[in-house]
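Visitor: Sequence first, predicted model second:
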Amino acid sequence: MSIPSPLVVGTRASELALRQANSIRNRLEAYGHRVEVRTVTTRGDEATDVPISEIGDEAVFTRALDRALLNGEVHFAVHSLKDIPTTVPTGVTLAAIGPREDPFDAFVAHPSFEGGLSDLPVKATVATASLRRKAQLRTWRPGLNVAPVRGNVGTRLQKLMDSDWDGMVLAMAGLLRLGFSSWIRDRFDPEVMVPAVGQGALGIACAGNTPDLAERLHVLLHDEDVAVATRAERAFLRRVGGGCQVPLGAWARLNDEDRLVLDACIASLDGTEKYRDQRTCAPAEAKETGRALADDLLEEGGESVLNRILGDRSERMAPFDP
């Protein structure tokens, strides 16, 4: 088996991305591999003053790392799975789905606000950069003001401290991985806010012409339970189309009977419409179930919601190309 030494892992330079890459490095080093970390700047890191939904690029956080893989600058890359397009570019292989931290969303309160989610006043202001979160917040509490915010986790927390907002929504996974659990005032129930596709999971990619490395990464890092769950979520997203420009959520997990349970929703940006349902299936039917649930929600009214946001479905379903 031909495995380079040292292995060079590519990652974004944010504190969270580095924490995730280093966790994978530590696991590989425990198996005797030497690993070096190399940072790569992505378009999403550069365009910090523009909402991700307005950039119009599914691969805003991964394209530069894909190029680094294809150019041989790095041997593999560690991503937040929710940043990886549902169709990976030609020449890149998603070798492993790594561990998943808590997939839900957290409410982080301003220090001046002492309550939790149930205590928010009618006209409270809550910050988020996510269309998914914005739409579901407005469905849950129509009177809320939603403020836009961008930046890495530390930057967002500082913006909250400097603001007059009541609070902010961030991923539980990022806060926990960074050791910021003390910031978590409350945790959104999935009945209120369905998580993002792949939220909390890691995706490990390598070049398609390195099969020995892909196999080794898969053997050492792959978590099949997480892979099955996120397979259903990503199949739902791919069928709907639109990536981060679409206000949708999907969350799958294995229950005590080893059946896969998938919740998903599509919501309008103003929160007045929300189409949500649940499916249960055998793990082997993850993709088919994700696609079927997407078709059902689109037929129920999600299609018209998304057409108002993005145009007709043929545009949403355009193939991803690096």
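Guide: Sure, I can see it. Numbering: from 1, shown residues only.
Visitor: From here on, just use CA atoms for contacts and neighbour counts.
Guide: Will do.
Visitor: Measure how buried the closest residue to residue 79 other than its chain neighbours is and give me the count.
Guide: Closest residue to residue 79 apart from its sequence neighbours, by Cα to Cα, 6 or more residues apart in numbering: residue 203 at 5.1 Å. Residue 203: 23 surrounding residues under other Cα atoms under 10 Å.
Visitor: wait, residue 203 sits on residue 81?
Guide: Yes. Under the criterion of Cα atoms under 8 Å, residue 203 makes contact with residue 81 at 4.7 Å.
Visitor: joint contacts of those two?
Guide: Here residue 203 and residue 81 have residue 97 as joint contacts, going by Cα atoms under 8 Å, 6 or more residues apart in numbering.
Visitor: Residue 197 reaches residue 249, doesn't it?
Guide: Yes. Contact criterion Cα under 8 Å: residue 197 and residue 249 qualify, at 6.1 Å.
Visitor: which of these two has more neighbours?
Guide: Taking neighbours as other Cα under 10 Å, residue 197 and residue 249 compare with residue 197 leading, 30 against 25.
Visitor: Okay, domains of the protein per the record?
Guide: For the chain, automatic domain parsing gives the domain ranges 1-99+201-222, 105-187, 224-322.
Visitor: can you redo those domains as CSV with mean pLDDT and distance to residue 193?
Guide: Formatted as CSV, those follow (pLDDT from 0 to 100; distance: least, Cα to Cα, whole Å):
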stretch, mean pLDDT, distance to residue 193
domain 1-99+201-222, 89, 16
domain 105-187, 95, 6
domain 224-322, 89, 8
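Visitor: one step back: got the phi and psi for the residue nearest to residue 79?
Guide: phi -120, psi 130 (degrees, to the nearest 10).
Visitor: Please enumerate the helices of this structure.
Guide: 15-30, 43-46, 52-55, 63-70, 131-140, 153-161, 172-177, 211-221, 224-240, 286-297, 303-310, 313-316 (DSSP state H).
Visitor: quick one: which of those is nearest residue 96?
Guide: Among these, helix 211-221 comes nearest to residue 96, with 4.8 Å by Cα to Cα.
Visitor: residues making contact with that closest one?
Guide: 1-3, 24, 27-28, 93, 95-99, 204-206, 208.
Visitor: Repeat the analysis, applying 7 Å as the threshold.
Guide: 1, 2, 3, 95, 96, 98, 206 (Cα atoms under 7 Å, 6 or more residues apart in numbering).
Visitor: Now list the buried members of these.
Guide: 95, 96, 98, 206 (16 or more other Cα atoms under 10 Å).
Visitor: Sitting in strands, which of these do you find?
Guide: 95, 96, 98, 206 (DSSP state E).
Visitor: My guess is the last one contacts residue 74. True?
Guide: So the one you mean is residue 206. No. Here residue 206 lies out of contact with residue 74, judged by Cα atoms under 7 Å, at a distance of 8.6 Å.
Visitor: So which residue is dead centre in this structure?
Guide: The centre of the chain sits closest to residue 82, judged by Cα atoms, centre = their mean, with a distance of 2.4 Å.
Visitor: Without its sequence neighbours, what residue ends up closest to that residue?
Guide: Leaving aside its chain neighbours, residue 82 sits nearest to residue 198 (4.5 Å; criterion: Cα to Cα, 6+ apart).
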